[in-house]
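*Asks:* 3D, please:
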Amino acid sequence: MADTANAGTAHGGTHDTFTGNKGLELEEPLLFELDNPGICGVDLDEPEPFTSYLGNFERQGRIGLPGLSEPEVVRHYVRLSAKNYSIDAGLYPLGSCTMKHNPRLNEKMARLPGIGDVHPLQPVQTVQGALELM
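*Replies:* Below is the predicted model:
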């Protein structure tokens, strides 16, 4: 639970304020802790017999990887991704250079017809609109 402080309002009421990084503290176990022996994330055909040249080095037991279905693995990584803090999740106050950085807008602009198709050796008179935008 987030740290809370009871703050007064201009109308005399109170409200809780949330501070800290408690929202990022999710308890997500390791994949090895979610292990369900005997479960495999893929269906494979039985392998054909082959001649092994490993001798005594051939593995005799389980490989030691966790047994999980594909949806379990996907859900695990989606829950972990919720821990990431990014420009999409909130304010990223790192300075003036960061405030000018807007990759999504720049990518949309770069893909506009007439901009994404400009060739470096194209005649200057045919790219005036693109140059004006830049």
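
*Asks:* what residue spans form the domains of the chain?
*Replies:* If you go by automatic domain parsing, the domain ranges for the chain are 22-41+63-84, 93-134.

*Asks:* these into CSV, with extra columns for mean neighbour count, distance to residue 47 and mean pLDDT?
*Replies:* Placement of C-beta: from N, CA and C, glycine included. CSV is the format used below for the domains of the chain (neighbours: other CB atoms under 10 Å; distance: least, CB to CB, whole Å; pLDDT from 0 to 100):
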stretch, mean neighbour count, distance to residue 47, mean pLDDT
domain 22-41+63-84, 12, 13, 84
domain 93-134, 10, 45, 79
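
*Asks:* okay if I get the ones you listed as JSON lines plus distance to residue 52?
*Replies:* Converted to JSON lines, the domains of the chain look like this (distance: least, CB to CB, whole Å):
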{"stretch": "domain 22-41+63-84", "distance to residue 52": "16"}
{"stretch": "domain 93-134", "distance to residue 52": "51"}
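
*Asks:* what segments of this protein are helices?
*Replies:* Assigned by DSSP state H, the chain shows helices spanning 70-81, 96-100, 103-110, 128-133.

*Asks:* mind listing the strands for this protein?
*Replies:* Assigned by DSSP state E, the strands in the chain fall at 3-8, 14-19.

*Asks:* worst average pLDDT in those strands?
*Replies:* Across those, strand 3-8 has the smallest mean pLDDT, namely a mean of 48.

*Asks:* end to end, how far does stretch 110-117 reach?
*Replies:* One end of stretch 110-117 to the other measures 9 Å (CA to CA, to the nearest Å).

*Asks:* what distance separates that stretch from the centre of its chain?
*Replies:* In this view, stretch 110-117 has its centroid 28 Å away from the chain centroid, taken as CA atoms, centre = their mean, to the nearest Å.

*Asks:* ok, stretch 125-134 next?
*Replies:* Averaging C-alpha positions (CA atoms, centre = their mean) puts stretch 125-134 36 Å from its chain's average.
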